[in-house]
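> no sequence on hand, only this structure:
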């Protein structure tokens, strides 16, 4: 059987599945940041009217998915599957959100790479004709992440300079082959991530843990495609933050595939401004999700972008693995988005 | 674009992706059960030589995946992706296992439906030519599940009669379109699960929480396929246990699609014998994984089965959602396995 593959491990999507709509729902701090005008809604209440932060995170995810589906002009019943996840134990935010959508559910876990993982999966499943329309969704919440991964917020712990600030927000995008729906952009190729672990143990330095995985995926992608970074308007990482961003520039330089800093952007550095005191930048599944589903897809819609590589990164640690002294496995999934030609 | 679909929501796999090899690694108690002769290895040490139960669970998953790949005659480098998950927070067992495989990784979370979810995903991705060979993997461990979901084992808590016993073990199966590899059986159709929540709140009665989801998927599947249960040699649920098993029989009777008890089997009731005192039966991702990758695929190899519906069920609760008073969302993914015609 013919494989939809180019090079060693990059997957081709011959039908160019369409990203037809998206929604980004952001929290208060994110709504005070540089991307404020790109979000569909800014929710000032960190509980979003719910009783707990976890249920609030799920409300963010449901609201984003519901709005993306509505913006596509579709009903929930026309969505063949929701692919989603988050950072919460047992991806509780996604499960409770999709419970309200009543669509088939493919739960994914890729830590902060979730938006890219779900978009890769949905693109293949739509390309292959297994799904006609799918919604991809991811969320994070500062308050749920802090208490799950670090300390109760009430402790008021001091954060080291390498720490990143988990984005409160959710992004959703509808991928569809429905003929009547116009595309914001199309997905054309993807490179699935391998786990790379450079023995980083500091859960407050995720950028360093994830950058080598980003370099691995990016080098494999460029080599498979016989391209250089210059073939992309933008190469976009998910949430490497300042530390990981700088490290990726160094790693790519060392590997002979240098990135032009002017055409390389990290969502973690876009979502907050330096004066918001987040230290190394934003993080969480919601970081790349709101940046993609707000800012980046809007730039496609405005005709400012023609071809980007969206590569969200994940640190596959758990509080348990950290407590047991394990190192932090990193992963990065990359997908090429192109304007409809 | 033509959809690979039959009926409302069942997906067709025109190329009939092959399940080419499998491995089931079971724990001591499972190795004392009725399926003992179907397992590749029985590990007496619940720590599997590791320092913690979580790392041991990961060792189970790695061992199963590695053995399944070897039995297919493939190297790790020939596996285009590992699709896997488990019950641990942040699917730590799968992440640490795939870190050692060095393959691309698609992390999935479907609670105890994980084996069916990963097999559905891999079957579509191989059918569509996006992957040539993929390994699907899932695990659970009694000791990690008890302390994560319930109480420290050291408490010696009494278990109610509706409780199930989390299986210690892992199963892996290689799905491939590689021409030279013979098939144990093929996947031909699948029906993705929707979340069904009948407001069960008792985390010690998962069978009742999952049975309605199983009924939903099964009714949709049979209706889409224009089949009855009699068209299958076996309909196999993942880990409904005695309570869920009986409930599914009742639900299907009520919906006018009665199951023949002689051709309906629940992995949770197969893996342990009543005298092993597990109360309502086995559970956990490992339950359906070791039963599929051991017993069921062996029965295909022996020519005893020609067409089955494998439908693993998941209870998408988290300890946090339980503590916050939420009800238990259930899901069931179904895939048709047929002997190579």
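Done, it's in. In this text, all values refer to a predicted model and were calculated from it rather than measured experimentally.
> check contacts around the nearest residue to residue A:231 once chain neighbours are set aside.
Here the nearest residue to residue A:231 in space, its sequence neighbours aside, is residue A:307; by Cβ to Cβ, 6 or more residues apart in numbering or on different chains that works out to 7.1 Å. Glycine gets a C-beta too; all of them are placed from N, C-alpha and C. Taking Cβ atoms under 8 Å, 6 or more residues apart in numbering or on different chains as the criterion, residue A:307 is in contact with A:231, A:232, A:233, A:336, A:337, A:338, A:339.
> and residue A:267, by the same measure?
The neighbourhood of residue A:267, defined by Cβ under 8 Å, 6+ apart, consists of A:236, A:237, A:238, A:239, A:282, A:287, A:288, A:291, A:292, A:312.
> what is the nearest of those to chain B?
Sorting those by how near they are to chain B, with Cβ to the nearest Cβ, puts residue A:312 at the top with 12.8 Å.
> buried residues in the helix or strand hosting the closest one, which are they?
Following DSSP states H and E, one finds residue A:312 within strand A:307-315. Buried residues in strand A:307-315, defined by neighbour count with 16 or more other Cβ atoms under 10 Å in any protein chain shown: A:307, A:308, A:309, A:310, A:311, A:312, A:313, A:314, A:315.
> what about the residue in the stretch 201-341 of chain A that chain B sits nearest to, how many neighbours?
Evaluated by Cβ to the nearest Cβ, the stretch 201-341 of chain A has residue A:318 as its residue closest to chain B, separated by 3.6 Å. Here the count is done by other Cβ atoms under 10 Å in any protein chain shown, and residue A:318 has 26 residues near it.
> how about it: what's its closest non-neighbour residue?
Sequence neighbours aside, residue B:90 is the residue nearest to residue A:318 in space, at 3.6 Å (criterion: Cβ to Cβ, 6+ apart).
> residue contacts, the one you found?
Taking Cβ under 8 Å, 6+ apart as the contact definition, residue B:90 lies against A:87, A:89, A:109, A:111, A:316, A:317, A:318, A:320, A:321.
> 10 Å instead, please
By Cβ atoms under 10 Å, 6 or more residues apart in numbering or on different chains, the residues touching residue B:90 are A:87-91, A:109, A:111, A:148-149, A:314-321, B:107, B:109.
> what about it, distance to residue A:244?
Distance check for residue B:90 against residue A:244: by Cβ to Cβ, to the nearest Å, it reads 19 Å.
> gap between residue A:66 and chain B?
As judged by Cβ to the nearest Cβ, to the nearest Å, residue A:66 and chain B stand 15 Å apart.
> ok, now residue A:82?
9 Å.
> skipping adjacent residues, who's closest to whichever residue of the stretch 151-300 of chain A sits closest to chain B in space?
Relative to chain B, the nearest point of the stretch 151-300 of chain A is residue A:192 (3.7 Å; Cβ to the nearest Cβ). Distances taken as Cβ to Cβ, 6+ apart place residue B:104 nearest to residue A:192, at 3.7 Å, with adjacent residues excluded.
> surely that neighbour touches residue A:191?
Yes: counting by Cβ atoms under 10 Å, residue B:104 does reach residue A:191; the two are 8.2 Å apart.
> more crowded one of these two?
Set residue B:104 next to residue A:191 and count neighbours by other Cβ under 10 Å: residue A:191 wins out with 30 against 24.
> how about the contacts made by that one?
Contacts of residue A:191 by Cβ under 10 Å, 6+ apart are A:6-11, A:120, A:216-225, A:309, A:311, A:332-336, B:104.
> for the stretch 151-300 of chain A, what spans make up the helices?
When assigned using DSSP state H, counting those that start in this stretch, the helices of the stretch 151-300 of chain A occupy the ranges A:206-225, A:241-254, A:267-270, A:285-290, A:297-301.
> and stretch A:37-47, what's buried?
Using 16+ other Cβ under 10 Å as the burial criterion, the residues of stretch A:37-47 that qualify are A:38, A:39, A:40, A:42, A:43, A:46.
> quick one, phi/psi of the second one?
To tie it back to what came earlier, the one meant is residue A:39. Residue A:39 adopts backbone torsions of phi -90, psi 150, taken as degrees, to the nearest 10.
> right, and residue A:284 touches residue A:165 too?
Yes: using Cβ under 10 Å, residue A:284 is in contact with residue A:165, at 8.4 Å.
> identify the contacts common to the two.
Applying Cβ under 10 Å, 6+ apart, one finds that residue A:284 and residue A:165 are jointly contacted by A:142, A:145, A:239, A:268, A:271.
> wait, the first one touches residue A:30, no?
Put plainly, it is residue A:142. Yes: applying Cβ under 10 Å as the test, residue A:142 and residue A:30 come out as touching, 9.3 Å apart.
> and the two? which has more neighbours close in?
Counted by other Cβ under 10 Å, residue A:142 and residue A:30 do not tie: residue A:30 has more neighbours, with 29 against 25.
> and the residue nearest to the more buried one when sequence neighbours are not counted, bridged to which residues?
Sequence neighbours aside, residue A:169 is the residue nearest to residue A:30 in space, at 5.4 Å (criterion: Cβ to Cβ, 6+ apart). Counting by DSSP bridges, residue A:169 forms beta bridges with residue A:26, residue A:140.
> residues near residue A:169, how many?
37.
> check the one 4 residues further on too.
When counting by other Cβ under 10 Å, one arrives at 29 neighbours for residue A:173.
> now the closest residue to residue A:106 other than its chain neighbours: how far from residue A:109?
For residue A:106, ignoring the flanking residues on the chain, the nearest one in space by Cβ to Cβ, 6+ apart is residue A:83 at 4.6 Å. Residue A:83 sits 11 Å away from residue A:109, going by Cβ to Cβ.
> intersection of neighbour lists for these two?
A:94, A:117, B:108.
> these two touch, right, the second one and residue A:124?
No: with contact defined as Cβ under 10 Å, residue A:117 does not count as touching residue A:124 (11.2 Å).
> looking at the residue nearest to residue A:30 now. What's its pLDDT?
For residue A:169, the pLDDT comes out at 98.
> OK, contacts around it?
Under the criterion of Cβ under 10 Å, 6+ apart, the contact partners of residue A:169 comprise A:24-27, A:29-31, A:35, A:39, A:41-43, A:57, A:60-61, A:64, A:138-142, A:271, A:282, A:284-287, A:289-291, A:293-294.
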